[in-house]
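S.K.: just to be clear, the model below is a prediction. Sequence and coordinates:
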Amino acid sequence: MQFSSRLIAIGIAVLSVTGAHAQQTVPFARGVPVAPTGLEGQPLGDGPWTFRTAETMDVTVRVLARLEWPYSMAFLPNGDLLVTTRKGELRMVRGGKLLPQPITGGPPSVFRGSSGSLGAVHGYMSLVVHPQFARNGLIYFTVNKPVGDRSEGVIVRARLDGMKLVDVTELLAGEGIGGATALAMTPDGLLWFASGSNDAAQDPKVLSGKVLRLTDDGKPAPGNPFVGREGFRPEIYSMGHRAALGLTVHPVTGEVYLSEMGPNGGDEINHIIAGKNYGWPIVSLGRTYPGPWQNAANIPTHEGFEPPLVYWTPSISVSGLTFYTGDALPKWKGDLFVGGLRSGEVPGTGRVDRVLLNEKMEELRRETLFSELHQRMRDVKQAPDGSLYLLVDQEQGAILAVTSANR
């Protein structure tokens with residue numbers, strides 16, 4: 001015991017003299033720690049794969065189709081699936097098969113870098129189908145369009161005519177909007193749009209860092225909380241958002257939920273309520289990339305601001321999300337599914353999280369799924385047959401179908 005104590009004392013003395021410490025010094029690029037590469041770039045196998053799950057329901061994951069850099073998907077009333085890609089393409093899946101040619105007539109876009117890399121730009125992003133598509137044929141998607149040597153965000157509306165887009169219209173362009181954006185449409189035909197920001201997220205005179213509620217032709221929706229209020233843009237429904245990766249509509253209440261990526265931790269699912277402020281960049285449950293808390297005076301709270309419904313620390317880089325309502329995966333009915341691009345700032349650790357909520361929308365438990373595949377899970381949607389579809393956002397990307405293995 002005395003010998004051990006002397007060794008410890010000597011070690012402390014050496015550390016105090018040399019100033020050494022046990023922690024690593026890691027390289028930074030543009031203020032962000034350079035990510036390790038030991039797990040990234042793992043190819044997706046051929047499958048199928050069977051996974052045990054917590055609710056005693058085994059599931060099978062199959063590769064439905066392979067394509068480069070898929071970003072968002074939406075089903076048409078006839079069961080066809082539309083998929084946007086970071087390359088600036090709109091693709092169609094019909095009868096479970098990816099059609100060989102892209103849909104034509106879409107606007108030009110900017111695509112740069114690999115997903116997850118610093119400075120990456122996505123061409124085509126979030127995609128929604130009008131609730132009255134069978135009558136009007138309208139779809140909406142967000143685009144980073146070229147403007148000189150830079151890009152800016154825009155909402156595009158178009159009518160799908162077979163394998164061609166016609167009547168292509170920009171509903172909202174520029175306004176400081178860029179980077180990742182998200183869309184949803186509620187059954188009343190209103191269009192919801194979210195984009196991220198930093199300091200501008202608290203500025204009511206600009207649209208970035210906000211959730212907007214618009215008519216289906218891009219005008220401020222009647223009844224928005226700031227209509228007629230001096231100094232506030234009438235399009236704004238909520239504010240204080242950092243990064244918008246997905247919007248979804250609750251299938252029963254029609255209320256809207258946002259997946260919002262935090263900095264180093266502090267990813268959030270937010271229930272979007274009229275006129276509420278969600279706090280960015282004043283509060284966050286995450287740390288800045290160099291390590292300190294986002295706001296040391298507000299740890300760990302959203303006091304004075306609307307708190308998140310669900311949060312992650314460390315971050316899983318939340319992406320698309322959906323509420324599951326089908327019968328094909330009965331043990332998951334009513335649960336919220338959230339895609340994750342990477343966990344704990346380590347590439348190659350993408351996943352899907354299943355969140356069980358009670359009738360008051362309070363979290364009871366969550367389960368991590370499909371992390372063994374080591375893929376970036378960009379979007380998750382329920383298919384008409386009740387299976388769950390996932391998008392793998394990588395150069396060798398894919399559409400995956402999740403079905404019950406117990407039937």
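M.R.: Looks like it arrived, so ask away.
S.K.: how far away is residue 146 from residue 158?
M.R.: Using CB to CB, to the nearest Å, residue 146 is found at 18 Å from residue 158. (C-beta placed from N, C-alpha, C; glycine too.)
S.K.: following the top strand by length along the chain, which helix or strand shows up next?
M.R.: In the chain, assigned by DSSP state E, the strand with the most residues is strand 150-161. Later in the chain than strand 150-161, the nearest helix or strand by DSSP states H and E is strand 164-173.
S.K.: return the list of helices and strands in contact with that following strand.
M.R.: Under the contact definition 3 or more CB pairs under 8 Å, 6 or more residues apart in numbering; DSSP states H and E, strand 164-173 sits against strand 150-161, strand 210-214.
S.K.: re the thing from before, show me which of residue 146 and residue 158 is the more surrounded one.
M.R.: Just comparing residue 146 and residue 158: by other CB atoms under 10 Å the higher neighbour count belongs to residue 158, 21 against 15.
S.K.: so what pLDDT did that one get?
M.R.: According to the prediction, residue 158 has pLDDT 98.
S.K.: contacts only, for residue 365.
M.R.: Neighbour list for residue 365: 54, 355-356 [criterion: CB atoms under 8 Å, 6 or more residues apart in numbering].
S.K.: what's near enough to touch the residue lying closest to residue 190 once chain neighbours are set aside?
M.R.: Using CB to CB, 6 or more residues apart in numbering and skipping the chain neighbours, the partner closest in space to residue 190 is residue 221 (5.2 Å). By CB under 8 Å, 6+ apart, residue 221 lies in contact with 190, 213-215, 235, 237.
S.K.: same question, residue 154
M.R.: 107, 142-145, 170-174, 177.
S.K.: just give the number of residues close to the residue lying closest to residue 114 once chain neighbours are set aside.
M.R.: Of all residues not flanking residue 114 in the chain, residue 120 sits nearest, at 6.2 Å (CB to CB, 6+ apart). Residue 120 is flanked by 14 other residues according to other CB under 10 Å.
S.K.: could you check how far residue 120 is from residue 280?
M.R.: Taking CB to CB, one finds residue 120 at 21 Å from residue 280.
S.K.: show me where this structure has its helices.
M.R.: 2-18, 133-136 (DSSP state H).
S.K.: contacts only, for the closest residue to residue 287 other than its chain neighbours.
M.R.: Nearest residue to residue 287, sequence neighbours excluded (CB to CB, 6+ apart): residue 264, at 4.4 Å. With contact taken as CB under 8 Å, 6+ apart, residue 264 is in contact with 286-289, 291, 314-315, 345.
S.K.: which of those residues lies closest to residue 128?
M.R.: residue 315 (25.7 Å; CB to CB).
S.K.: need the max-distance pair from the contacts of residue 221.
M.R.: 215 and 237 (12.7 Å).
S.K.: distance of the residue nearest to residue 247 when sequence neighbours are not counted relative to residue 405?
M.R.: The shortest distance from residue 247 to any non-neighbouring residue, by CB to CB, 6+ apart, is to residue 184 (3.7 Å). From residue 184 over to residue 405 the distance is 31 Å, taken as CB to CB.
S.K.: low-scoring stretches of the stretch 251-400 of the chain, by residue?
M.R.: In the prediction, the stretch 251-400 of the chain carries no residues with pLDDT under 70.
S.K.: and residue 215, how many neighbours?
M.R.: Neighbours of residue 215 under the rule other CB under 10 Å: 14.
S.K.: who's in contact with it?
M.R.: Taking CB under 8 Å, 6+ apart, we find residue 215 in contact with 189-191, 221-222.
S.K.: same question, residue 378
M.R.: Counting by CB under 8 Å, 6+ apart, residue 378 has contacts 70-72, 115, 319-320, 339, 341, 391-393.
S.K.: my guess is residue 358 contacts residue 364. True?
M.R.: Yes - proximity of residue 358 to residue 364 meets the contact threshold set by CB atoms under 8 Å, at 5.6 Å.
S.K.: list the contacts of residue 402.
M.R.: Contacts of residue 402 by CB under 8 Å, 6+ apart are 59-61, 329, 387-390.
S.K.: out of those, who's the most crowded?
M.R.: For the contacts of residue 402, neighbours tallied by other CB under 10 Å; top is residue 390, 28 neighbours.
S.K.: and the closest residue to that one other than its chain neighbours, how many residues sit next to it?
M.R.: Ranked by CB to CB, 6+ apart and with sequence neighbours excluded, the top spatial neighbour of residue 390 is residue 400, at 4.2 Å. Counted with other CB under 10 Å, residues neighbouring residue 400 total 26.
S.K.: this completes my enquiry, with thanks.
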